[in-house]
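S.K.: When you get a sec, could you give me coordinates for this:
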Amino acid sequence: MPHPILYAKDHYVILRPGQEEEFLTAAEMLDLLRTIALANPDLIPWDPQQPQATQDQILQDLLDNSCELTWDNGDWIQWYAVRLEP
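M.R.: Numbering: from 1, shown residues only. Next comes the predicted model:
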């Protein structure tokens, strides 16, 4: 049976056009998605007036089930779970 660490999503690599890759923890990634959602309310289907738990679940679902957001102007961000060696 595979070791559970193979399925851990503790760190993510972020890719954006014209920028160096960036490594974030899962908490930092959720904070980034929250920032994106607040700045681009049409990009992520959520209402900032929703309870915090609902917002957190929407962002967690996005993190777990997607890997890219694309803006109308062609900008994009991609994220992938990575395992960092100590």
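
S.K.: which helices and strands sit right next to the worst-scoring helix or strand of the chain on mean pLDDT?
M.R.: Least confident helix or strand, the chain: helix 52-65 with a mean of 86, by mean pLDDT, DSSP states H and E. The contact analysis (3 or more CB pairs under 8 Å, 6 or more residues apart in numbering; DSSP states H and E) places helix 52-65 against helix 26-39. Every C-beta, even on glycine, is put in place using the N, C-alpha and C of the backbone.

S.K.: which other residues reach the least confident helix or strand of the chain?
M.R.: Contact with helix 52-65 is made by 9, 26, 29-30, 33-34, 37, 44-46, 48, 50, 79, as judged by CB atoms under 8 Å, 6 or more residues apart in numbering.

S.K.: how about a cut-off of 7 Å?
M.R.: Helix 52-65 has contacts (CB atoms under 7 Å, 6 or more residues apart in numbering) with 29-30, 33-34, 37, 44, 46.

S.K.: mind saving the C-alpha coords of that helix as PDB?
M.R.: Written as PDB, here are the backbone C-alpha positions of helix 52-65 (Å, rounded to 0.1, in the frame of the first residue of the first chain):
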ATOM      1  CA  GLN A  52     -16.400  32.300   6.600                       C
ATOM      2  CA  ALA A  53     -16.900  28.500   6.700                       C
ATOM      3  CA  THR A  54     -18.700  28.600   3.300                       C
ATOM      4  CA  GLN A  55     -16.000  30.700   1.800                       C
ATOM      5  CA  ASP A  56     -13.300  28.400   3.200                       C
ATOM      6  CA  GLN A  57     -15.000  25.400   1.700                       C
ATOM      7  CA  ILE A  58     -15.400  27.000  -1.700                       C
ATOM      8  CA  LEU A  59     -11.700  27.900  -1.700                       C
ATOM      9  CA  GLN A  60     -10.700  24.400  -0.500                       C
ATOM     10  CA  ASP A  61     -12.800  22.800  -3.200                       C
ATOM     11  CA  LEU A  62     -11.100  25.000  -5.800                       C
ATOM     12  CA  LEU A  63      -7.700  24.100  -4.500                       C
ATOM     13  CA  ASP A  64      -8.500  20.400  -4.400                       C
ATOM     14  CA  ASN A  65     -10.300  20.100  -7.700                       C
END
